[in-house]
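Undergrad: Sharing a model that was predicted from the sequence below.
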Amino acid sequence: MSAYNDLMSFARETRALELIAGRLGWDAETMMAPGSSKVRAEEMAAMQGVLHARRTSSQMSELLGAVDVASLDAVGAAQLRHIQKSYDRAAKVPAELAAELARKTSLAHRIWADARANNDVAAFLPILKEVVALKRQEAQALAAGGDLYDAMIDDYEPGMKATELAAMFDALRPGLVALRQAALEAEQPAPLDFEFSEEGQLKLSNIVADAFGYDFNRGRIDKAVHPFSSGSGNDVRITTRTSPKDPFNCLYSTIHEVGHACYEQNIDQAYLLTPLGDGVSMGVHESQSRIYENQLGRSRAFTGWLFGQMRDVFGDFGVADEDTFYKLVNQVKRGFIRTEADEVQYNLHVLLRFDLERQLILGDLEVDDLEAVWNTRFEADFGYPVNKASNGVLQDVHWSEGLYGYFPTYSLGNVYAGCLYQALRGAVPGLDDQLAAGDASAATGWLRDNLQTHGGLYKPADVIEKACGFAPSEAPLLSYIEDKFKGVYGL
Ligand code: ZN
């Protein structure tokens, strides 16, 4: 056996163990009895110990050194690139620093949850300072003299640079702010006033998942507090949630997670249990969930079909016709919470967080000034002031957990979805007629064949450019959002 084959079988076994660890996490959020949480934490910590030892083992470094690189084809070279990168990352961060980060972020997460519940920013700031300082140390180890924030982005979006993101986001922001203002001043549809049964919502959740091509033979849908997708290849599970007055929360959470899950299910089976067998980056992953949820799922064509499905399940739920239903699904509302935001305001939330966390990591913003800067920026972009910290600087879990460089991938995913949608419309004539009949198969088939199947074979921006036939930019997303919401509000 060659060193490459030995390396790949070692990597396969590591990947299988990672998937087992992931399934322990899925179980904890869906099935596990509450009294089992302490032992589950120990089980998961033990798995992380095993995984860390494998990722940094001397066997890995010997095998990596022995591979005959010249003999590899394109797939082999890409596999090696992923394995080498993961090994280098683990090796660059001193074990002591990694352990300290794990301890402090676990503590910070608990302090943050209490601080959010009590709207007490001051209680969170001391531990946040420690987390930011440790993350800066980690970034210094990873960046080797380069940009600290770029080093953090690289964990989620390999190859992407903060300057590139800032250029795209700065070009998006004025158009979104102006559109947000015009939409909030326009006439709004009457709100839903109906009790939507949980049984009916879950039934429809299965119907829309099926319409978007989710393979129930290799996955399942369960309920959880926060919707998520988990797993890869031939076992990709999703969760959703229900709320009696708001069926869109359930349906669009499901479609969003189906987008993530279909990406994982549709990767070339030849890459199963290898480093190429996963979605290539957070931004590309989010492009799939967002294009399923928004460009396809919230389109006039698809919502027309969905309106009929909802009437079949719930009877008359007080919405007169398809056009009113479309307006309700796409309503732009005042709100403070990123995860509940509409397509117009969502990216404004992300852009705010990107600018602030970049300044924090570069040392251009002090943790003590974070809340004031957040509140000023929020009012400038959204047009109304933050009313309490849990609706402002304390709302997201990311900063307590040390996830810096993660936020921008949400908007990058939307930017990529805008590019893919433009290309998809050109490639699939009659798309709206199909969606109006509840048939998303041509759209999801195009995404599968042009993007999802490649897994980690190409670099993130390259796989988008390959699928679209043009270099990604923010322009298609902005014109899609402007056209759509000018239509929704008659602007
Ligand atoms: Zn997502």
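TA: Cool, the structure landed.

Undergrad: and the closest residue to residue 220 other than its chain neighbours, what element?
TA: Take residue 220 and drop its neighbours on the chain: the residue closest to it by CB to CB, 6 or more residues apart in numbering is residue 237, 5.3 Å away. The C-beta positions use only the backbone N, C-alpha and C, and glycine is treated the same way. Residue 237 is part of strand 235-240 when elements are defined by DSSP states H and E.

Undergrad: what's in contact with stretch 424-434?
TA: With CB atoms under 8 Å, 6 or more residues apart in numbering as the test, stretch 424-434 has contacts from 291, 299, 300, 301, 440, 441, 442, 443, 446, 447, 450.

Undergrad: whoops, stretch 364-379 was the one
TA: By CB under 8 Å, 6+ apart, the residues outside stretch 364-379 that reach it are 121, 125, 128-129, 132, 336, 352, 355-356, 359-360, 385-386, 389, 392-393.

Undergrad: Same question for stretch 327-346.
TA: Outside stretch 327-346, the residues within contact range by CB under 8 Å, 6+ apart are 176, 179-180, 183-184, 188-189, 191-192, 248, 294, 298, 303, 306, 319, 348-350, 353, 378, 382, 384, 386-387, 391-392, 395-396, 410-411, 414, 481, 484-485, 488-489.

Undergrad: who's in contact with residue 186?
TA: Residue 186 touches 489, 490, 491, counting by CB under 8 Å, 6+ apart.

Undergrad: These in helices, which ones?
TA: Secondary structure from DSSP state H places residue 489 of the contacts of residue 186 in helices.

Undergrad: Hmm, residue 134 is touching residue 98, no?
TA: No. The pair residue 134 and residue 98 fails to qualify as a contact (CB atoms under 8 Å) at a distance of 9.8 Å.

Undergrad: who's more crowded, those two?
TA: residue 134 (19 against 16; other CB atoms under 10 Å).

Undergrad: Distance of the more buried one relative to residue 128?
TA: Here the distance between residue 134 and residue 128 works out to 11 Å (CB to CB, to the nearest Å).

Undergrad: and what of residue 351?
TA: Distance, residue 351 to residue 128, by CB to CB: 21 Å.

Undergrad: now residue 344
TA: Applying CB to CB, one obtains 30 Å for the distance of residue 344 from residue 128.

Undergrad: More neighbours: the two, which one.
TA: residue 344 (25 against 21).

Undergrad: Let me know the secondary structure of the more buried one.
TA: helix (DSSP: H, G, I helix; E, B strand; the rest coil).

Undergrad: so how far is stretch 224-243 off the chain centroid?
TA: Shown here is stretch 224-243, whose average C-alpha point lies 13 Å from the average C-alpha point of the whole chain (CA atoms, centre = their mean, to the nearest Å).

Undergrad: as a whole number, average confidence for that stretch?
TA: When the per-residue pLDDT values of stretch 224-243 are averaged, the result is 96.

Undergrad: Likewise for stretch 430-445?
TA: For stretch 430-445, mean pLDDT is 98.

Undergrad: One more: stretch 262-282?
TA: According to the model, stretch 262-282 has a mean pLDDT of 97.

Undergrad: what's the span of it, first residue to last?
TA: End-to-end distance of stretch 262-282 (CA to CA, to the nearest Å): 15 Å.

Undergrad: Mind listing what's buried along stretch 272-283?
TA: Applying a neighbour-count criterion of 16 or more other CB atoms under 10 Å, the buried positions in stretch 272-283 are 273, 274, 275, 276, 277, 278, 279, 280, 281, 282, 283.

Undergrad: quick one: which of those sit in helices?
TA: The subset of these that ends up in helices is 282, 283, with DSSP H as the criterion.

Undergrad: do you know how far residue 410 is from residue 347?
TA: Distance, residue 410 to residue 347, by CB to CB: 8 Å.

Undergrad: More neighbours: which of these two?
TA: Between residue 410 and residue 347, counted using other CB under 10 Å, the more crowded position is residue 347 (25 against 22).

Undergrad: before we move on, back to that, list the pairing partners of the strand holding residue 237 within its sheet, with orientation.
TA: Neighbouring strands of strand 235-240 in its sheet, by DSSP bridges, are strand 221-223 (parallel), strand 229-232 (antiparallel).

Undergrad: moving C-terminal of that strand, what's the next helix or strand?
TA: In the C-terminal direction, the helix or strand that comes right after strand 235-240 (DSSP H and E) is helix 247-265.

Undergrad: tell me the most buried of the strands paired with strand 235-240?
TA: Of all these, strand 229-232 carries the top mean neighbour count, a mean of 22, counting by mean count of other CB atoms under 10 Å.

Undergrad: Alright, calling it a day.
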